[in-house]
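Asker: Have a look; sequence and predicted model below, questions after that.
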Amino acid sequence: MNIVLLGSPGIGKGTAATKLSKKLGIAHISTGDMLRENVAQKTKLGVEAKSYMDKGLLVPDILVIEMMKKRLQKKYCKNGFILDGFPRTINQAEEIGKEIKIDKVVNIQASDEIIIDRLSKRKVCCKCGFVYHLIYIKPKKEGVCDKCGGKLYQRKDDKLEAITERLKVYRNETEPLIDYYKEKGILADVDGSGTPEEEFESVLKAVS
Ligand code: AMP
């Protein structure tokens, strides 16, 4: 099964996708994680992407589509996958639609107030990338990852100025995808205003 998780930054797509990937035994593909790896390794793509990411802007389609097409050719994607953070524009959806069939799109929704609160309380492990929330998914020891002992940090684009820009970009560039997939008859709306557990149960129900 090929699934897309749609929803604004901070809605919890990554957390839900990680659990869903384990439950269904299919690949979890996060373009945000892939781009951050490229930034960390200072690849050509990473160097180009960084300035957009730090400002909360979208990395140009041409770079992201190319990266995604390469990833989808990997063997571990053959049994199905969950796309987290892709597509983010109609152009990305059309380009990827030429290569693969999307079976289900889950649109997770919550108010901007909830999103801003979540993003500003989000911390990420610098080693393994596990995502914490200072209220819902608290590390046992402050500032330290439970899983690998790595240091927790706040993403540059989770600072308030970048959050505002990312929400604006989401409304303008990504939200049109809701109607795009609705017209294809494969969209399911899910409430993302509850706890991560409630959100996961709703996502699971939507794809079952
Ligand atoms: P995320 O971790 O999904 O919030 O992504 C972090 C940042 O990576 C975004 O704010 C964009 O700058 C960039 N990014 C991730 N996915 C895409 C995409 N599909 N298209 C363009 N830029 C992306």
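Answerer: Good, I have the coordinates. Worth saying up front: this structure is predicted, and the values here are computed from it rather than measured.
Asker: Quick check: the residue nearest to Ile26 when sequence neighbours are not counted vs Thr18, distance?
Answerer: Nearest residue to Ile26, sequence neighbours excluded (C-beta to C-beta, 6 or more residues apart in numbering): Gly80, at 3.9 Å. For every residue, glycine as well, the C-beta is placed using N, CA and C. Note on Gly80: its distance to Thr18, by C-beta to C-beta, to the nearest Å, is 15 Å.
Asker: same check, this time on Lys141
Answerer: In terms of C-beta to C-beta, Lys141 sits 21 Å off from Thr18.
Asker: Looking at the two, which is more packed in?
Answerer: With neighbours defined as other C-beta atoms under 10 Å, Lys141 and Thr18 compare such that Thr18 has more, 18 against 10.
Asker: And the helix or strand harbouring that one, what does it pack against?
Answerer: Element membership for Thr18 (DSSP states H and E) is helix 13-24. With contacts taken as 3 or more C-beta pairs under 8 Å, 6 or more residues apart in numbering; DSSP states H and E, helix 13-24 sits against strand 2-6, strand 27-30, strand 81-84, helix 196-207.
Asker: can you give me the helices for the protein?
Answerer: Taking DSSP state H as the criterion, the chain carries its helices at 13-24, 31-40, 44-55, 61-72, 90-97, 112-120, 160-169, 176-183, 196-207.
Asker: May I see the buried residues of the fifth one?
Answerer: In other words, helix 90-97. The neighbour-count check on helix 90-97 (16 or more other C-beta atoms under 10 Å) flags Gln92, Ala93, Glu95, Ile96 as buried.
Asker: Return the residues in contact with the second one.
Answerer: When you say that, I think you mean Ala93. Shown in contact with Ala93 (C-beta atoms under 8 Å, 6 or more residues apart in numbering): Pro87, Leu177, Tyr180, Tyr181.
Asker: just the third one next, same as before
Answerer: Listed by C-beta under 8 Å, 6+ apart, the contact partners of Glu95 are Asp61, Ile65, Lys69.
Asker: now Ile163
Answerer: Here Ile163 is in contact with Pro9, Gly10, Gly56, Ile115, Ile116, Leu119, Ser120, Asp157 (C-beta under 8 Å, 6+ apart).
Asker: ok, the last one to the ligand distance?
Answerer: So the one you mean is Asp157. To the ligand, Asp157 is 6 Å away according to C-beta to the nearest ligand atom, to the nearest Å.
Asker: For this structure, which residues are neighbours of the ligand?
Answerer: The chain has residues 9, 31-32, 35, 52-53, 56-59, 64, 85-86, 88, 92, 157, 166 near the ligand, with proximity defined as C-beta under 6 Å from any ligand atom.
Asker: Verify the stated contact: Ile186 with Lys104.
Answerer: Yes: taking contacts as C-beta atoms under 8 Å, Ile186 lies within contact range of Lys104: 5.6 Å.
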